[in-house]
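J.: build me a model from this:
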Amino acid sequence: MDVDDETRSELTAAVRRFVEREVLPVASELEHADAYPGALVEQMKAMGLFGITVPVEHGGLGLDLLAYVGVIEELAAGWMSLTGIVNTHTIAVGLLAAHGTEAQRAEWLPRLATGEVRGCLSLSEPDAGSDTRALTCRAERDGDEYVITGTKTWVTNGERAGLVALAARTPEGISCFMVAKDPGPSSGGITVSRNIGKLGYKGLETVEMRYEAHRVPSTAVLGGEAGLGRGLPFILGALEVGRINIAARAVGVARAAFEAAIRYAQQRETFGKPIARHQAIQQKLADMGTKLEAARLLTRHAAELRQRGERADVEAGMAKLFASETAFELATESMRIHGGVGYTTDLPIERYYRDAPLMLIGEGTNEIQRMVIARGLLRRHALDG
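T.: Coordinates of the predicted model:
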């Protein structure tokens, strides 16, 4: 996808206007009520945000990962939960675009592009998170169908999704199934068994899903028969995009926290002058601004590499690690600069503070990221002999 800077800038500016006009006035109220932002989602559909990376020939905008990263930062700066509604959907899109058969792409991508069907990713299980070898969900062949049995957890958008990219064990190994379902708490043998309460990241569902002898056609295997046993590398490759998304979310939250802090520092006076004129506050702001810019650059670099088709596991891990730690630090520092008022629900600072930890954990904990980064660096710089 050959996308110029002007097109990316126009899309980013349009999303920024949407956030300022539609999201910011209602985000805190919806978040505190843990209410699904249905009206905002409909507007996001109309803007084409569910089809940013879907190829034009399948009805999408056909834009690149850099454009997507810019959109995610803007949405996260307004309300981070909106990015979760888009992210797992985009991972499902990426899996289909990269590994789907022609029939699978033709069936699903046009409906995913419009948001008519929402996609999600289902990898984790109650006893299998980062350790994918512990996956127990299985799919057994029965003629022209597979019978899926198991429990999945941490499924963002699971209840409202119409298509689930599901990792399950088959005799060939872990395979990825594109499981069609009706949006809602149950569909065939699929049941949403629990909606998981969260510290932050409210307004969208994170659920546990149970598969009890749920039948899918053999054509649901991502990539067809050739995709059997290849689901794990398919999904792990897609999670590079997920980690870049987490980094972009973190940049958005960090930016919101920083901008709130720098505004407040110029308005709030102590000892006869704005606190921005106190050296201790200036040093905080300097560090915050520097780390924010570094996080943004790391994120864009990872997106550029991935967009060019180069391996970006190390860079995506670095971006996710640094940006998420930065978001958590800047949310905390912003609260400190705001003092007592930052701890109240009158301002969104406490929301940033509650949302930021998700990025430390999501798409692989930062402890896992450090392992991925170290192994990648050692592989790249291995000594001969």
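J.: poorly predicted segments of the chain, please.
T.: 1-2, 129-130, 384-385 (pLDDT under 70).
J.: domain boundaries for it, per the record?
T.: 5-114, 119-228, 233-380 (automatic domain parsing).
J.: farthest residue from the center of this structure?
T.: Relative to the centre of the chain, and counting by C-alpha atoms, centre = their mean, the farthest-placed residue is Gly272 at 44.4 Å.
J.: can you tell me the closest non-neighbouring residue to Val3?
T.: Closest residue in space to Val3, ignoring its immediate chain neighbours: Asp64 at 4.6 Å, by C-beta to C-beta, 6 or more residues apart in numbering. The C-beta positions use only the backbone N, C-alpha and C, and glycine is treated the same way.
J.: hang on, isn't Ala161 packed against Arg118?
T.: Yes. Assessed by C-beta atoms under 8 Å, Ala161 is found in contact with Arg118 at 4.9 Å.
J.: if you count surrounding residues, which of these two has more?
T.: Taking neighbours as other C-beta atoms under 10 Å, Ala161 and Arg118 compare with Ala161 leading, 28 against 21.
J.: ok, now which ones touch the nearest residue to that one once chain neighbours are set aside?
T.: Nearest residue to Ala161, sequence neighbours excluded (C-beta to C-beta, 6+ apart): Cys120, at 4.0 Å. Applying C-beta atoms under 8 Å, 6 or more residues apart in numbering to Cys120 gives the contacts Thr88, His89, Ala92, Val155, Thr156, Asn157, Gly158, Ala161, Leu163, Val164, Ala165.
J.: so what's the spatially most central residue of the chain closest to, chain neighbours aside?
T.: A centroid search over the chain (C-alpha atoms, centre = their mean) returns Asn87, at 3.9 Å, as the residue closest to the centre. Of all residues not flanking Asn87 in the chain, Asn245 sits nearest, at 4.8 Å (C-beta to C-beta, 6+ apart).
J.: does that neighbour count as helix, strand or coil?
T.: helix (DSSP: H, G, I helix; E, B strand; the rest coil).
J.: the residue nearest to Ala161 bridge partners, please.
T.: Under DSSP bridges, the beta-bridge partners of Cys120 are Val164.
J.: could you check how far the residue farthest from the centre of the chain is from Leu135?
T.: Remark: distance between Gly272 and Leu135 (C-beta to C-beta, to the nearest Å) = 63 Å.
J.: now swap in Gly237 and tell me
T.: Distance from Gly237 to Leu135, by C-beta to C-beta: 17 Å.
J.: got it, and Arg210?
T.: In terms of C-beta to C-beta, Arg210 sits 15 Å off from Leu135.
J.: same thing with Ile52?
T.: On the measure of C-beta to C-beta, Ile52 and Leu135 end up 30 Å apart.
J.: more neighbours: which of the two?
T.: Ile52 (24 against 20).
J.: I'd say the residue nearest to the centre of the chain and Leu75 touch.
T.: No. Contact status for Asn87 versus Leu75: not in contact, 9.9 Å apart, counting by C-beta under 8 Å.
J.: mind telling me what element Arg169 is part of?
T.: Secondary structure assignment for Arg169, by DSSP states H and E: strand 163-170.
J.: report all helices and strands that that strand contacts.
T.: Other helices and strands packing on strand 163-170, by 3 or more C-beta pairs under 8 Å, 6 or more residues apart in numbering; DSSP states H and E, are helix 81-99, strand 119-122, strand 138-142, strand 145-156, strand 173-180, helix 231-267.
J.: looking at the ones you listed, which is buried most?
T.: Most buried of the helices and strands packed on strand 163-170 by mean neighbour count (mean count of other C-beta atoms under 10 Å) is strand 119-122; its value is a mean of 28.
J.: can I get the CA coordinates of that one in CSV?
T.: The C-alpha atoms that make up strand 119-122 are tabulated as CSV, following Å, rounded to 0.1, in the frame of the first residue of the first chain:
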residue,chain,number,x,y,z
GLY,A,119,-13.5,-9.3,14.5
CYS,A,120,-11.5,-10.4,17.6
LEU,A,121,-8.6,-12.5,18.5
SER,A,122,-8.8,-15.5,21.0
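J.: I'm done for today, thanks for sticking with me.
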